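Colleague: no sequence on hand, only this structure:
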């Protein structure tokens with residue numbers, strides 16, 4: 001037992017941590033006092049630091065001879081404290097300290113003439129509550145994703161229309177005027193413009209996502225979310241702060257991986273980066289929509305929602321396994337987070353942060369996608385003069401790997417080739433399928449149509465932007481319960497040919513396996529490049545390999561088990 005007074009006879013300052021923790025401290029104090037090599041340490045202080053797993057202190061004690069039994073007792077004590085308090089010892093000890101400080105402050109600070117609860121305190125009593133904090137967060141994120149999907153869809157269609165219509169016509173006309181050869185026109189229009197369009201078509205959705213995530217972050221709310229999620233995340237081996245990169249992963253995995261730099265532990269950064277690609281990024285949504293409408297009809301919305309939820313569940317399982325095997329932490333990482341006061345972000349700051357994040361996506365991810373799409377054009381056009389895409393280098397390579405996907409029900413060269421282009425960017429899967437399944441019918445129809453004048457194209461762009469803005473405003477206001485400003489919408493015929501071709505080529509069971517495969521399989525090249533840049537090729541290769549193997553296994557299970565049960 002330690003003395004209750006110091007060398008001058010004054011009472012020692014001592015916090016009572018509660019019966020369970022004090023019992024463990026006193027037991028460790030006896031061990032520490034019996035080891036003369038630890039005489040330089042104040043025994044009670046050292047016992048507390050060992051129970052808190054203070055890394056530098058633990059490493060010093062490990063280096064001292066004759067401390068193996070002490071360290072074993074520390075682990076046993078930590079286990080008993082965790083069982084008794086339902087949380088790690090460092091958190092339990094910190095709670096006791098703050099309780100002591102609160103008690104002292106209550107006794108010495110006169111609060112009779114000031115409000116005991118600030119606005120931040122009142123909000124935190126609700127938003128950080130262990131029972132209602134998570135449901136509130138899920139409602140908030142539901143609203144955000146509704147804004148991303150419903151509102152940005154209008155601008156998505158506008159950008160796609162601009163690149164697929166006026167821009168393509170202008171560039172084609174300009175190249176034709178300069179007598180450019182047909183292969184060069186095809187390269188610029190089908191390769192370069194298509195590559196730029198593939199990047200920019202999803203920028204509106206990312207702007208909306210980054211805008212609202214920045215708003216939530218700068219307002220101080222996201223710090224509360226990390227605090228509320230810490231208990232759930234630690235069960236899977238992740239850190240509370242890992243939740244923010246995972247949320248960003250719903251927009252794009254590339255900035256989400258860069259955002260893991262806020263995590264102190266390298267293992268936690270790697271683990272988070274390995275599961276972030278399992279979040280359904282916005283680039284996968286077109287694949288879900290096309291297959292949902294083609295195969296699942298009225299249930300398409302439920303299927304798409306289920307895919308988002310399934311990705312989160314798979315990420316939790318993967319994180320749990322990896323955190324207990326290849327990425328196991330030697331010591332628990334203390335979760336210390338300052339909760340800033342709630343504030344309304346300045347509009348200029350909000351827009352600047354949104355612009356910076358969007359620009360980062362366009363520059364870093366867009367450059368890679370642009371280059372690879374051009375390469376893909378050559379692969380689908382060579383050897384020169386090939387009449388069937390099946391006989392092109394791309395078609396031959398796709399046919400060679402098609403047997404790999406046969407057990408999952410989508411072993412034709414068209415579907416396999418689309419998955420190959422998915423390594424470039426997941427949104428390219430749909431455009432590739434439209435090209436290999438439907439062929440040149442659309443181009444033939446366009447050739448017969450009357451070419452608009454320059455003034456008509458400019459008018460089309462302007463009216464399209466106005467219409468997209470009006471639609472976005474209506475969709476935003478319609479999110480308010482009881483308000484519906486949306487007009488009756490007719491079925492859109494754009495995907496009719498592709499839907500019919502997909503239905504002829506795949507069964508609904510194979511289609512379900514396909515979209516699950518797209519959800520899970522190897523991240524796009526931009527994401528792989530981001531992981532490589534942050535952690536090296538070893539972890540980038542692991543990310544690609546384990547996700548491909550897991551996606552293949554799940555797709556095969558869906559098709560084979562479903563076939564066995566008679567759902568084929």
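Modeller: Great, that's in hand. Quick caveat: nothing in here was measured; it's all calculated off a predicted structure.
Colleague: rest of the way, CA atoms for contacts and neighbours
Modeller: Fine.
Colleague: tell me the contacts of residue 168?
Modeller: With contact taken as Cα atoms under 8 Å, 6 or more residues apart in numbering, residue 168 is in contact with 189, 193.
Colleague: list the buried residues for the helix or strand encompassing it?
Modeller: Secondary-structure assignment from DSSP states H and E places residue 168 in helix 168-177. Within helix 168-177, the residues that qualify as buried by neighbour count (16 or more other Cα atoms under 10 Å) are 168-169, 172, 175.
Colleague: with stretch 122-138 instead?
Modeller: In stretch 122-138, residues buried by neighbour count (16+ other Cα under 10 Å) are 124, 127-128, 133-134, 136-137.
Colleague: grab the most central residue of this structure for me.
Modeller: Within the chain, one residue has its C-alpha closest to the average C-alpha position: by Cα atoms, centre = their mean, that is residue 249, at 1.8 Å.
Colleague: so who does that residue touch?
Modeller: Residues in contact with residue 249, defined by Cα under 8 Å, 6+ apart, are 255-256, 276-277, 279-281.
Colleague: let's have the buried residues of stretch 122-138 in TSV, adding pLDDT, distance to residue 428 and secondary structure.
Modeller: Listed next are the buried residues of stretch 122-138 as TSV, based on pLDDT from 0 to 100; distance: Cα to Cα, whole Å; DSSP: H, G, I helix; E, B strand; the rest coil:
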residue	pLDDT	distance to residue 428	secondary structure
124	80	43	helix
127	82	40	helix
128	80	41	coil
133	81	38	helix
134	80	35	helix
136	86	35	helix
137	81	32	helix
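Colleague: about what we covered before: just flag the most distant two among the contacts of residue 249.
Modeller: Looking at the contacts of residue 249 by Cα to Cα, the two members farthest from one another are 255 and 280, with 14.1 Å of separation.
Colleague: more neighbours: these two, which one.
Modeller: Set residue 255 next to residue 280 and count neighbours by other Cα atoms under 10 Å: residue 280 wins out with 25 against 20.
Colleague: assign a three-state SS to the more buried one, would you?
Modeller: Classification of residue 280 into helix, strand or coil gives coil, according to DSSP: H, G, I helix; E, B strand; the rest coil.
Colleague: so how far is residue 101 from it?
Modeller: To residue 101, residue 280 is 44 Å away according to Cα to Cα, to the nearest Å.
Colleague: next: residue 82.
Modeller: Following Cα to Cα, the distance that separates residue 82 from residue 101 is 23 Å.
Colleague: who has more neighbours, the two?
Modeller: Neighbours of residue 82 and residue 101, each counted by other Cα under 10 Å, are more numerous for residue 82; the result is 17 against 13.
Colleague: so which strand or helix has the more buried one?
Modeller: Secondary structure from DSSP H and E places residue 82 in helix 68-85.
Colleague: so what secondary structure elements neighbour that helix?
Modeller: Contacts of helix 68-85 with other secondary structure elements, assessed using 3 or more Cα pairs under 8 Å, 6 or more residues apart in numbering; DSSP states H and E, are made with helix 19-33, helix 43-51, helix 89-108.
Colleague: between these, which gets nearest to residue 504?
Modeller: Among the helices and strands packed on helix 68-85, helix 89-108 sits nearest to residue 504 (Cα to Cα), with 58.5 Å.
Colleague: how about that closest one: buried residues?
Modeller: Counting neighbours by 16+ other Cα under 10 Å, one finds that the buried residues in helix 89-108 are 89-93, 96.
Colleague: helix or strand right after the helix or strand of the chain with the lowest mean pLDDT?
Modeller: The helix or strand of the chain with the poorest confidence is helix 441-448; it has a mean of 45 (mean pLDDT, DSSP states H and E). Tracing the chain past helix 441-448, the next element assigned as helix or strand by DSSP H and E is helix 454-477.
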